[in-house]
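S.K.: please work out how this folds:
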Amino acid sequence: MTGPPDAYASIRRAVLDAVEEAKLDPRSDTEAVRALVVKAVDGYQRAAHAGTLAAGGMALSDPAAMVTRITQAICDFGPLSSLFGRSDVEEIFIEGDRVLYLDQGGRLRGLAAPTTEAENHQVIDQLLSQTQRHLDAKSPLVQARVLQGAARLSAAIPPVADRLSATLRKYTLRKETLPYLLERDSLSGAAASFLWAVMQSRRSLIVSGPPGAGKTSLLSALLAATPANHCIRCAEEIRELSAPITHGSYYEARPPALDGSGEISLRDLVKFLLAMRPDLIVVGEVRGGEAFELLVNAAIMAGENVGESIVRKVFSTALDFVVHLDRDDVNRLGPDEEVRRQVMEVLAVVPAMTDDFSTEPIFVREALGKPLVWTGAYPPEVELIERSLPEGATMTAILEGRIPAPFADSHDADPAQRARMPGRSVPQPEAWHR
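M.R.: Okay, here's the model as predicted:
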């Protein structure tokens, strides 16, 4: 620490009063604010050496560090500022006065700079000040997009949590595409081509897996592979997806106001989007049992009291594929090993003669690091997928890995080029005719 715990609070309060009196904008008048901090720290040090501080306050051991700490707290996001600006930090965890972060290698590390719970709460308040959401006794739980949409914040305070508890998930700035995931060994070439073909044919699928397995990355890559003339509507509680969309838009749920009014749930959004003539609706992220209530009821408009047999029957006819991902257990990795995020299975959902369904593995990976291989099985209704493929392409050739998918992303084309594009998002390379 750079001094006694109450030194930070008292100096910061004095500086904030001076900033308000001088009518400074901390974001644009950084140097002026820093000058006020230096003045306040010098005054604190003189009072400490003169013995006039209340309750026997002691001088700061590192005045320069305190100047930097308070300046960052007022003009930026305190000791967390450096983490927000680092591209190798994926998630930040705040538990009271402790700050931990997850790097791109999947390892949990601690923040070296000292913090207090009050200081961390101030950072959360600063982040939320850019949104229409807040964290207080009346709203002890909050989720919001922060940092100009570059991160998702989930935070809780007492009485819901025993102390301040927050997670900040930073969104990747890299473009997620199937070729990128192929380079990262997240999936095989044949599986990438198969999923590309699925996205051309308006088939429905679920992407599943534990936290940090790469679900959002895969979904963004699948959206980038969707034909440019398909209308895509994406509904999320807190927006995470960032794939470019030529035709369509993104939609975000809204929590209720303090009086309980104004809520727009994911289910409300799905019902609304069904009336907007979409070719594809993306819903993320559904958690637990509400997935059935949200997706099935919204799709069939049958209300909430739907029997299990009907749910299973609708599920079997409405869903075509499941893609499951997994990730390494960090505790089992060496110090220089990177966490692998890989597709483990691609399953086809097969309707049964009864009110039930079964699944057929199309691609399977025995374990992380093992190859993702075709099982020899074909998806149901192959002809529906083949109708959307370039002339001469067959599902057999795709599954056997004999031809690659034309991965060009039509959503990145200029408007004039997009206007000339047919239903398929790419030209037909010679590879499709081998």
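S.K.: and the helix or strand harbouring R109, what does it pack onto?
M.R.: Here R109 sits within strand 108-110, counting by DSSP states H and E. Here strand 108-110 touches strand 98-103, going by 3 or more CB pairs under 8 Å, 6 or more residues apart in numbering; DSSP states H and E. All C-beta atoms are positioned from the backbone trio N, CA, C, and that covers glycine.
S.K.: who touches the strand it packs on?
M.R.: Here strand 98-103 makes contact (CB atoms under 8 Å, 6 or more residues apart in numbering) with 79-80, 83, 88-93, 108-111, 115, 120, 212.
S.K.: tell me how far that strand lies from the chain's centre.
M.R.: 17 Å (CA atoms, centre = their mean, to the nearest Å).
S.K.: direction included, what does it pair against?
M.R.: strand 89-95 (antiparallel), strand 108-110 (antiparallel) (DSSP bridges).
S.K.: before we move on, back to that, between the contacts of strand 98-103, which is nearest V382?
M.R.: Closest approach to V382 among the contacts of strand 98-103 (CB to CB): G212, at 33.9 Å.
S.K.: mind checking the SS state of the closest one?
M.R.: The three-state assignment at G212 reads coil, by DSSP: H, G, I helix; E, B strand; the rest coil.
S.K.: what about the strands in the stretch 151-300 of the chain?
M.R.: For the stretch 151-300 of the chain, the strands defined by DSSP state E, counting those that start in this stretch cover 151-156, 165-170, 205-208, 232-236, 248-252, 280-284.
S.K.: averaged pLDDT, whatever helix or strand V41 lives in. What do you get?
M.R.: Using DSSP H and E, V41 maps to helix 30-50. The average pLDDT within helix 30-50 is 92.
S.K.: and that helix, what does it pack onto?
M.R.: So helix 30-50, by 3+ CB pairs under 8 Å, 6+ apart, packs with helix 5-22, helix 63-75.
S.K.: ok, and what's touching that helix?
M.R.: 7, 10-11, 14-15, 18-19, 22, 24, 26, 53, 57-60, 63, 66-67, 70-71, 74-75.
S.K.: filter these down to the buried ones, ChimeraX style.
M.R.: Burial among the contacts of helix 30-50 is assessed by 16 or more other CB atoms under 10 Å; the matching ChimeraX selection reads:
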select :7,11,14,15,18,19,24,26,53,57,60,63,66,67,70,71,74,75
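S.K.: what's the span of stretch 366-378 from first residue to last?
M.R.: Length of stretch 366-378, first residue to last, CA to CA, to the nearest Å: 19 Å.
S.K.: ok, now how distant is A166 from N331?
M.R.: With the distance defined as CB to CB, to the nearest Å, A166 ends up 24 Å from N331.
S.K.: ok, those two, which is more surrounded?
M.R.: A166 (22 against 5; other CB atoms under 10 Å).
S.K.: wait, that one touches R152, no?
M.R.: No. Under the criterion of CB atoms under 8 Å, A166 makes no contact with R152, lying 11.0 Å away.
S.K.: please, which helix or strand holds the residue lying closest to T131 once chain neighbours are set aside?
M.R.: Once flanking residues are discounted, T131 sits nearest to A144: 4.5 Å by CB to CB, 6 or more residues apart in numbering. Using DSSP H and E, A144 sits within strand 141-146.
S.K.: pairing partners for that strand, with directions?
M.R.: By DSSP bridges, strand 141-146 pairs with strand 151-156 (antiparallel).
S.K.: need the residues that contact the partner strand.
M.R.: Contacts for strand 151-156 (CB under 8 Å, 6+ apart): 84, 94, 124, 127-128, 135, 140-146, 164-171, 238-240.
S.K.: buried sites along it?
M.R.: A151, R152, L153, A155, A156.
S.K.: for stretch 195-212, same thing?
M.R.: Here stretch 195-212 shows 195-200, 203, 205-209, 212 as buried, counting by 16+ other CB under 10 Å.
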